[in-house]
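Peer 1: no FASTA, just this:
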């Protein structure tokens, strides 16, 4: 009896399997999407000041009577300062400079002429930085000014090679060589001299050697009776792309 009914049992089982397949294919298929997002952030460039980022000229003696009533240089860092930007890959580096004491600079041509060393011309009035103010007889007097001059006339460095220090007033065009870095709204960068009109070069390491030179106002303006502290602050904003 078992032998007789066995084929029927198998047939029934097989038919049931076909029905199961047919039934499953009749249902609507649904899918689910998995969205994967993220951002790969490149390693940032590093910005350092070689030498000393704070120029302290110490105690400055009052002008002698023999010196006359004129502006005078009170400090010069020489070749001690460089801003160095190092990147993990080639980047186009540029920067702007902000005068933290804007409006306190003495911009008279006589003082500005003292603020050049290698440059054949003095910095423009908008290329010098303020040293703070003092109140004399109820009047606010600007203490003086300082400049940031390229260490070699109009020069910077790409790696260890000498390059041109360049500026653009709008940051995109009109690139030209510069002897000074100023808080004049311009963008500063470097490129090889033959290519300086093209703007910033893409490089891993760029160096901007600079010389800070400071001069103070005339003795008749300061009328120094008490200790006067010079204060200056230049803020560099570096961009790389």
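Peer 2: On my side now, so go ahead. Here the structure is a predicted model, which is why all the values come from computation and not from measurement.
Peer 1: right, and the helix or strand after the lengthiest strand in the chain?
Peer 2: In the chain, assigned by DSSP state E, the strand with the most residues is strand 81-99. For strand 81-99, the following helix or strand on the C-terminal side (DSSP states H and E) is helix 109-112.
Peer 1: roughly how far is that next one from the heart of the chain?
Peer 2: Chain-centre distance of helix 109-112: 28 Å, with Cα atoms, centre = their mean, to the nearest Å.
Peer 1: How about residues contacting the helix or strand just after it?
Peer 2: Moving toward the C-terminus from helix 109-112, the next helix or strand (DSSP H and E) is strand 129-130. With Cβ atoms under 8 Å, 6 or more residues apart in numbering as the test, strand 129-130 has contacts from 99, 101-105, 142-143, 145-148, 182-183, 232, 234. Every C-beta, even on glycine, is put in place using the N, C-alpha and C of the backbone.
Peer 1: Sort out which residues of the longest strand of the chain are buried, please.
Peer 2: Going by neighbour count (16 or more other Cβ atoms under 10 Å), the buried part of strand 81-99 is 81-83, 85, 87, 91-97, 99.
Peer 1: now swap in stretch 198-208 and tell me
Peer 2: Judged by neighbour count using 16+ other Cβ under 10 Å, the buried positions of stretch 198-208 are 199, 200, 201, 203, 205, 206, 207, 208.
Peer 1: on that earlier part again, ok, the longest strand of the chain: who's next to it in the sheet?
Peer 2: strand 46-51 (antiparallel), strand 187-191 (antiparallel), strand 202-216 (antiparallel), strand 234-240 (antiparallel) (DSSP bridges).
Peer 1: Residues contacting the shortest one, please?
Peer 2: Contacting residues not belonging to strand 187-191 are listed as 92-97, 156-158, 163-171, 175, 178, 181, 198-201, 206, 208 [Cβ under 8 Å, 6+ apart].
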